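need a 3D model of the sequence below.
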Amino acid sequence: MIEFKNQGVSFNRIDADLSDILKDNDNEDNKEIKADIENLFKDIIGDRINTYSVESLKSEDTPAIILISEQSRRMAEMRSQFAGMDFGMSFEEEKTLVINDNSSIVKKLVLLKDDESKKEQVSLICNQIVDIALLSNKELDSKQLDEFIKRNNQLMSMVISL
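All right, here's what the predicted structure looks like:
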C-alpha cells in the first residue's frame, strides 16, 4: 500500500539479492571456471532451478544458496492468500542458485566432473548441495525431502566405507 501511494518507494527483502558484504571482491574473476561450474550444475540439476549464477562468496563454508526475486515472492504470497481460486495463471517462483566458487566442495567437484568413475558421486553431491540450499529456504516438498534423506544416508554410507 505504501508503494502504491508513494511513487518511487519500493520495499525489498534483504535476502532477495546478494549484498556486497557477502561477496569476495578480491577473488579474480575467471570466466572459464565459472562457466564450468555453472554447466556442471545445469547438466545435473536441470530445470529444477530456473537460473544459475556463480559468485565468489567470502565464506568458503557455504557451497550454494538460493535467491528468490522480490517479485516472485510477492506473487507466491498472493497465490497463497487466494488459495483455491484459479485465475488461469500459473506463478512459479523464480529461483536462482548462487554457487560459491570459493567453496572447497565446489572446487573438488569441478576437478572430478570429467572422471567417469566419480560421475555418480558428483551427481549425488551436486543434488545434495541444491537440496541443502532449498532446505535453508524451507522449500522441499515431501518427495524432495525423501530423496534428500536417501541421498544423505547414501553419502554417510560412502564416508563410513572410506
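
spatially central residue in the protein, please.
Nearest to the mean C-alpha position of the chain, by C-alpha atoms, centre = their mean, lies L97 at 2.9 Å.

quick one: residues contacting that residue.
Taking C-beta atoms under 8 Å, 6 or more residues apart in numbering as the criterion, L97 is in contact with 41, 45, 49, 51-53, 64-66, 130, 133. Bear in mind the C-beta positions are built from the backbone N, C-alpha and C, glycine included.

and if we set it to 7 Å?
41, 49, 52, 64, 66, 130, 133 (C-beta atoms under 7 Å, 6 or more residues apart in numbering).

again, but for I99
37, 41, 52, 54, 64, 106.

from the residues you listed, which land in strands?
The members of the contacts of I99 that map onto strands under DSSP state E are 52, 54, 64.

ok, and the most crowded of those?
Within these, most neighbours by other C-beta atoms under 10 Å means A64, with 26 neighbours.

show me what that residue is bridged to.
Going by DSSP bridges, A64 is paired in beta bridges with I99.

touching stretch 59-68 from outside, list them.
If you take C-beta under 7 Å, 6+ apart as the criterion, stretch 59-68 is touched by 16-18, 93-100, 102-106, 129-130, 133-134, 137.
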